[in-house]
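Participant: Structure, please.
(one chain, ligands or ions: 2)
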Amino acid sequence: MKTLYIVVPCYNEEEVLPETAKRLTEKLARLRDENRIGADSRILFVDDGSRDQTWAIISALHAAHTDIAGLKLSRNRGHQNALLAGLMTAKEYCDLSISLDADLQDDIDAIDRMLEEHEKGSEIVYGVRSKRETDSWFKRSTAQFFYKLMKALGVDIVYNHADYRLMSRRALDELSHFEECNLFLRGIVPLIGFKWSTVEYERSERFAGESKYPLKKMLSFAFDGITSFSVKPIRIITSLGFIIFLCSILALLYFFFVKLFGYTVPGWTGTISSIWMIGGIQLLSLGVIGEYVGKIYKEVKKRPKFIVENFLNH
Ligand code: UDP
Ligand code: MG
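Facilitator: Ligands and ions are numbered 1, 2, ... in the order given. Predicted coordinates:
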């Protein structure tokens with residue numbers, strides 16, 4: 001029987017944790033009764049440096065249930081790093097892992113179908129949202145725009161898949177060899193390959209607490225995702241530079257003829273507008289190039305992606 005670890009990153013989730021733990025332990029017990037998972041299966045809550053009672057709740061849950069394990073990071077490192085910390089810890093104990101958000105927006109009944117897909121041979125099973133009606137209009141449209149943009153920029157991600165997925169021990173071992181610091185798991189996991197499949201589920205509302213992804217975090221997540229996986233933005237700038245260069249040749253010809261036939265004008269408009277335009281494009285280009293240089297800077301430092309402060313397991 002395979003040992004399953006359900007990995008749940010938590011950041012200031014005191015309001016949802018008791019309920020999440022209740023539903024997940026029930027789920028685990030049922031799966032165990034049905035002989036689908038091994039006796040050592042666990043729910044691993046990762047406290048991503050929360051400032052509220054999250055860790056106290058996790059410790060209490062751990063003391064009360066043998067099925068619950070807890071991992072405390074030394075400080076807040078963000079969703080992706082917290083998830084990775086959980087998966088890399090679980091890897092040492094499990095045959096299978098499923099990652100899930102703490103707010104239960106992802107339907108936990110999809111776990112059964114994920115296990116079925118794994119039994120049919122998939123090393124990775126992606127949970128895919130069939131509908132997003134419960135998300136706000138804003139969240140839904142920005143997220144969908146993001147998936148489409150990523151596709152257009154040539155990043156291979158699974159449409160409408162967040163971080164709800166099953167990964168086998170083997171896939172986790174391979175994941176551990178990706179050493180990059182700019183972590184965007186949705187982009188990295190498809191690079192692992194192996195046989196994979198998807199399972200659809202309906203996304204529901206966060207049942208308590210607030211989203212830990214305000215617009216600012218969402219934007220920086222999207223920007224990181226793109227610049228970690230695609231050099232197309234740099235190519236676009238190169239093409240833009242080339243097009244502008246061609247245009248300036250045409251403009252030069254035009255200016256030359258104007259001069260030749262004596263229609264010289266003060267030409268303030270043309271001068272000033274081209275200064276602004278070229279200046280803007282140059283700044284933009286420098287910014288994008290700087291972004292990639294910054295990424296290289298981060299990668300060469302090879303800083304640890306997370307530091308574990310405490311690990312509780314039965
Ligand atoms: N999260 C985390 N660290 C952070 C931000 C979020 O571990 O810095 C966790 C959070 O506790 C939740 C998951 O990441 O389990 C997804 O966050 P949330 O549900 O707030 O995002 P949304 O569903 O609104 O996109
Ligand atoms: Mg959520």
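Participant: Show me what from the stretch 51-200 of the chain comes close to ligand 1.
Facilitator: Within reach of ligand 1 by Cβ under 6 Å from any ligand atom, the stretch 51-200 of the chain has these residues: 76, 78-79, 82, 101-103, 105. Using the backbone N, CA and C atoms, a C-beta is placed for each residue, glycine as well.
Participant: Next one, pLDDT for the closest residue to ligand 2 within the stretch 201-314 of the chain please.
Facilitator: Closest residue of the stretch 201-314 of the chain to ligand 2, Cβ to the ion: residue 206 (5.0 Å). Looking at residue 206, its pLDDT is 75.
Participant: Excluding sequence neighbours, find me the nearest residue to it.
Facilitator: Computed as Cβ to Cβ, 6 or more residues apart in numbering, the closest residue to residue 206 that is not its neighbour in sequence is residue 103, at 4.2 Å.
Participant: hang on, that neighbour packs against residue 12?
Facilitator: No: contact criterion Cβ atoms under 8 Å: residue 103 and residue 12 do not qualify, at 11.1 Å.
Participant: of these two, who's got more company?
Facilitator: residue 103 (23 against 19; other Cβ atoms under 10 Å).
Participant: who touches that one in this structure?
Facilitator: Listed by Cβ atoms under 8 Å, 6 or more residues apart in numbering, the contact partners of residue 103 are 13, 16, 20, 206-209.
Participant: CSV please, covering these and showing neighbour count and secondary structure.
Facilitator: Listed next are the contacts of residue 103 as CSV, based on neighbours: other Cβ atoms under 10 Å; DSSP: H, G, I helix; E, B strand; the rest coil:
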residue, neighbour count, secondary structure
13, 26, coil
16, 21, coil
20, 24, helix
206, 18, coil
207, 13, coil
208, 15, coil
209, 16, coil
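Participant: what's near enough to touch residue 251?
Facilitator: Residue 251 touches 270, 274, counting by Cβ under 8 Å, 6+ apart.
Participant: quick one: buried residues of the helix or strand hosting it?
Facilitator: Residue 251 belongs to helix 232-260 when assigned by DSSP states H and E. By 16 or more other Cβ atoms under 10 Å, the buried positions in helix 232-260 come out as 233, 237.
Participant: next structured bit after that helix?
Facilitator: Downstream of helix 232-260 (by DSSP H and E), the next one is helix 268-301.
Participant: what about stretch 181-189, average pLDDT?
Facilitator: Here the average pLDDT along stretch 181-189 is 83.
Participant: Thank you, goodbye.
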